[in-house]
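In: make a model of this:
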Amino acid sequence: MSDVWSKSEIEELQRCKAEGKSDQWIADQLRRPYRSVTSAIRRYCKQEETDWQEQAAHWKRVAIDAQRDLAAAQKERTAIDILVEQVHDLAPKSYAPPKGCFQPPKKAKGTPQSALLILSDTHVGAVVKPEQTLGLGEYNFEIFLRRLWRLQCSIFSILQDHTTTEVPEIVVAQIGDMLDGGLVHSAECAQVNTILAQFYSAGHALAQFYRNLSTIAPVRVHTCVGNHTRFQNQHKMPTKNRNSNFDQFLTLYVEALLRDCPRIKFNIDMQPFACFDVQGFNHYAGHGDNLRGGDKTLGIPTHAMGRMVSTTTQLFSRADRVTPHYYLLGHLHRPISIPHAQGEILTNGAFPGIDGYALGEYFNSSYPSQKFWLVHEKFGRSATYDLRLDFGDSAPHGYVLPDKFLCQ
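Out: Numbering: from 1, shown residues only. Predicted structure coming up:
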C-alpha cells in the first residue's frame with residue numbers, strides 16, 4: 001500500500017489519536033502497516049508529542065517527589081510503604097464511568113442470581129513461542145488482550161442472551177499471578193517484558209475490563225496474591241508485609257485508575273486469602289500455590305486439598321463463622337471441580353495455555369480458560385461455564401492503551 005496519505009485519512013488519523021486510540025488499533029482500522037501509521041503520527045499529530053512530553057514531565061516530578069519522601073522517611077518506614085501511599089499519584093489518568101448501561105431482559109423471571117468470575121493466572125508479560133511447545137502454545141501481550149476481550153464478550157453474551165433472571169452484581173475473585181515475573185536478575189534475565197511494562201500494561205487493560213463489566217451490573221472485586229510476582233527474598237507467601245508482591249501493587253493501581261467509577265468496589269484483604277459471601281454462600285479464595293503433592297499428571301493435590309477443607313472448617317467453627325461452601329483456587333492452570341461435604345473445590349484455568357515448562361514436566365495442560373457461573377440464593381452454584389479464551393486469538397480487541405511502557 002502506498003505511504004501517501006489522503007486528506008480524509010489524515011483527518012481520521014488525527015481524530016483517532018485525539019481519542020486516545022493505540023497505534024496498532026489505528027493501523028488495523030485504516031488497514032495500513034504499523035510503521036506507516038507511526039510515521040504518519042510523527043508527521044501529522046504534533047500535539048500528541050507535546051502531550052507525551054507533558055506526561056513525561058509529570059512522571060519526572062513524581063519520581064523527584066518520591067525520592068524526597070524516601071530521603072526524609074524514618075528508618076522503620078520502608079520504600080514499599082511509600083510507594084503504596086503514592087499509587088494514586090502514579091495514576092494521573094482516571095477512567096470515567098461508562099456511558100449507558102446494559103439493559104436487562106424486560107421480563108426477568110425467577111430468583112435473582114449473582115454472577116461470579118474467577119480471574120487468575122493471566123501472566124501478563126510472559127512470552128511463549130510455538131517453537132517452544134511443539135506448536136501447541138503461543139502467548140504474548142497482544143494475545144492476552146485478545147483473550148481478555150474474549151472473556152469480556154463471553155460474559156456479556158451469557159448475561160444478555162442466556163440469562164433470564166436479574167443479575168444484581170458481578171463478583172470477581174482476582175486471585176493472583178496476574179503478572180509474570182520478579183525483579184531479581186535470575187528472574188528478569190528470562191523476561192522479554194520488564195516488571196514496569198507488565199504492571200503498567202496490565203493495569204490499564206484490567207481497568208477497562210472492569211469498567212466495561214460494570215455496565216452490566218455493579219462489580220465487587222476480592223483479591224489475593226500469587227507466587228510468581230512475590231519479591232524474591234520472600235520465599236513463601238504470605239508474609240507479614242502484604243505489599244511484598246507485585247499482584248498487590250497491580251490491584252492498587254487498577255483501583256486508582258477506577259477511582260471515578262462508583263459501580264466498582266475493591267476489597268483488598270490483608271489475609272493470605274479472601275473470604276466473602278455471595279447470595280448467602282461463603283466463598284474462600286486463595287491462589288493455591290501452598291497446596292502441594294498429589295497426582296502430578298492430573299495436577300490435583302488431593303491430599304493437600306482435603307487438609308485445607310478440614311483445617312479451614314475447624315478454624316471457622318472456632319471463630320464462630322460460617323464455614324466455606326466453595327473454595328476458589330488458581331495456580332494449577334486447569335479447570336477442576338472436586339466436591340466436598342458442603343460444596344465444591346474449584347480451580348481455575350489460565351490465560352497462557354501450554355508452555356515449555358508444562359510440556360517438559362509432562363503436565364496434562366488444558367486449553368486457556370477461566371471459570372464463570374451464577375449463584376442462586378437457594379441452590380448455590382447454578383449455570384456454570386469454563387470459558388475458552390483462545391477462540392478469540394484471531395479477533396482484534398477493543399482496549400485503548402497508552403503507547404508508553406507497553407509490553408511486547
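In: how's this protein carved up into domains?
Out: Split into domains by automatic domain parsing, the chain comes to 7-44, 48-77, 114-392.
In: nearest to residue 402, out of these?
Out: domain 114-392 (6.4 Å; C-beta to C-beta). Just so you know, the C-beta spots here come from the backbone N, C-alpha and C atoms, and that holds for glycine as well.
In: tell me the mean pLDDT over the closest one?
Out: Domain 114-392 shows a mean pLDDT of 85.
In: now do the end-to-end distance for that domain.
Out: This stretch, domain 114-392, spans 26 Å end to end (C-alpha to C-alpha, to the nearest Å).
In: quick one: distance of it to the chain centre.
Out: Here the centre of domain 114-392 is set off from its chain's centre by 8 Å, with C-alpha atoms, centre = their mean, to the nearest Å.
In: hey, where'd the strands end up in the stretch 51-200 of the chain?
Out: Secondary structure of the stretch 51-200 of the chain by DSSP state E, counting those that start in this stretch: the strands cover 114-119, 170-174.
In: just name the most buried of the ones you listed.
Out: By mean neighbour count, with neighbours taken as mean count of other C-beta atoms under 10 Å, strand 170-174 ranks first of the strands of the stretch 51-200 of the chain at a mean of 25.
In: contact partners of that one?
Out: Contacts to strand 170-174, defined as C-beta atoms under 8 Å, 6 or more residues apart in numbering, come from residues 114-120, 155, 210, 213-214, 216-224, 251, 274, 276, 278, 283, 285, 328, 375.
In: 7 Å instead, please
Out: 114-120, 213, 216-217, 219-223, 251, 274, 278, 285, 328 (C-beta atoms under 7 Å, 6 or more residues apart in numbering).
In: and that strand, which strands flank it?
Out: Partners of strand 170-174 in the sheet, by DSSP bridges, are strand 114-119 (parallel), strand 219-223 (parallel).
In: can I get the CA coordinates of the last one in CSV?
Out: Which is strand 219-223. Taking Å, rounded to 0.1, in the frame of the first residue of the first chain, the C-alpha atoms of strand 219-223 are listed here in CSV:
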residue,chain,number,x,y,z
VAL,A,219,-18.8,-5.1,40.2
ARG,A,220,-17.3,-6.3,43.5
VAL,A,221,-13.7,-7.5,43.4
HIS,A,222,-12.0,-9.6,46.0
THR,A,223,-8.2,-10.2,45.7
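In: next helix or strand past that strand?
Out: Once the chain leaves strand 219-223, the next helix or strand it forms, by DSSP states H and E, is helix 246-257.
In: using PDB, list the CA coordinates for that next one.
Out: Presented in PDB, the C-alpha positions along helix 246-257 are these (Å, rounded to 0.1, in the frame of the first residue of the first chain):
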ATOM      1  CA  PHE A 246       3.500  -7.100  42.600                       C
ATOM      2  CA  ASP A 247       0.000  -8.600  42.300                       C
ATOM      3  CA  GLN A 248      -0.900  -6.300  45.300                       C
ATOM      4  CA  PHE A 249       0.700  -3.300  43.500                       C
ATOM      5  CA  LEU A 250      -1.300  -4.100  40.400                       C
ATOM      6  CA  THR A 251      -4.600  -4.200  42.300                       C
ATOM      7  CA  LEU A 252      -3.900  -0.900  44.000                       C
ATOM      8  CA  TYR A 253      -3.000   0.700  40.600                       C
ATOM      9  CA  VAL A 254      -6.200  -0.600  38.900                       C
ATOM     10  CA  GLU A 255      -8.200   0.600  41.900                       C
ATOM     11  CA  ALA A 256      -6.600   4.100  41.400                       C
ATOM     12  CA  LEU A 257      -7.400   4.100  37.700                       C
END
